[in-house]
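> make a model of this:
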Amino acid sequence: MSCSFNTHQKHKIPKDLFLDQRRRFSVTNYNKRTGEDDDHGGRKKKHREIERQRRQELASLFTSLRSKLPLEFIKGKRSMSDYMNEAVNYIKHLQTKIRELSFKKDELKSIHSLANLDSPSSDSSGLTIFTVNSCCESVEIVISRSIREKDLLLSTVLELLLQHGLDVVSCFSCQVNDRVLHTIHCELADGNGIINLTLLEGELNELLIPALNP
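Predicted structure coming up:
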């Protein structure tokens with residue numbers, strides 16, 4: 001009997017140890033899974049908070065953008081993509097207006113400086129003069145001549161500009177005192193070329209000065 005009891009103990013102890021280790025492993029594994037679940041839940045909560053803040057900032061920026069667009073640009077528009085497209089159109093519109101105002105400013109400066117040549121004390125009041133101004137891919141030519149001179153053939157000037165790869169955007173004339181001012185606005189035809197102002201001014205000088213001041 002003693003031998004049988006000892007044999008039973010030998011088999012029982014390892015089994016109890018195995019069960020105990022299994023229980024400890026199960027508890028450890030459960031705690032690990034619980035910790036991972038808590039960590040995953042925390043990351044999801046943080047992600048939701050970041051996304052909420054991002055949406056709030058986007059809504060604020062969208063409201064600010066909409067408030068800066070004129071009514072005629074956003075009338076009848078509802079979606080965010082529509083507002084974004086109209087914002088791009090408005091920026092292009094402003095760029096065009098800025099360029100037009102820059103041309104007008106340069107034109108007024110040119111008119112003021114050229115008109116001063118008409119003063120009685122000026123020896124150049126009877127001469128034909130011109131200025132060439134450039135801005136980015138645009139060129140402005142202002143020609144000033146006395147009303148006593150023969151008419152200027154603007155077609156020859158325009159043809160010369162075309163030969164230099166310039167498209168004429170506008171051309172108008174006005175009289176200041178006893179001088180006539182011709183203002184021509186041009187742009188590069190290909191949109192990305194280079195304007196050789198020195199060559200253009202030289203050819204304009206050959207074309208205008210001999211023709212109008214014989």
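> need the strands for this protein, in chain order.
129-135, 138-146, 166-176, 179-188 (DSSP state E).
> how about those strands in JSON lines, adding mean neighbour count and mean pLDDT?
For glycine as for every other residue, the C-beta is placed from the backbone atoms N, C-alpha and C. Putting the strands of the chain into JSON lines (neighbours: other CB atoms under 10 Å; pLDDT from 0 to 100) gives the following:
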{"stretch": "strand 129-135", "mean neighbour count": "16", "mean pLDDT": "82"}
{"stretch": "strand 138-146", "mean neighbour count": "21", "mean pLDDT": "83"}
{"stretch": "strand 166-176", "mean neighbour count": "13", "mean pLDDT": "84"}
{"stretch": "strand 179-188", "mean neighbour count": "20", "mean pLDDT": "85"}
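> turn these into CSV, columns for distance to Leu199.
Shown next, in CSV, are the strands of the chain (distance: least, CB to CB, whole Å):
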stretch, distance to Leu199
strand 129-135, 11
strand 138-146, 12
strand 166-176, 12
strand 179-188, 14
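> tell me which of these sits nearest to Glu203.
strand 129-135 (10.7 Å; CB to CB).
> now do the closest one and strand 179-188, the angle between them.
If you take axes from the mean of the first three to the mean of the last three CA atoms, to 10 degrees, strand 129-135 sits at 30 degrees to strand 179-188.
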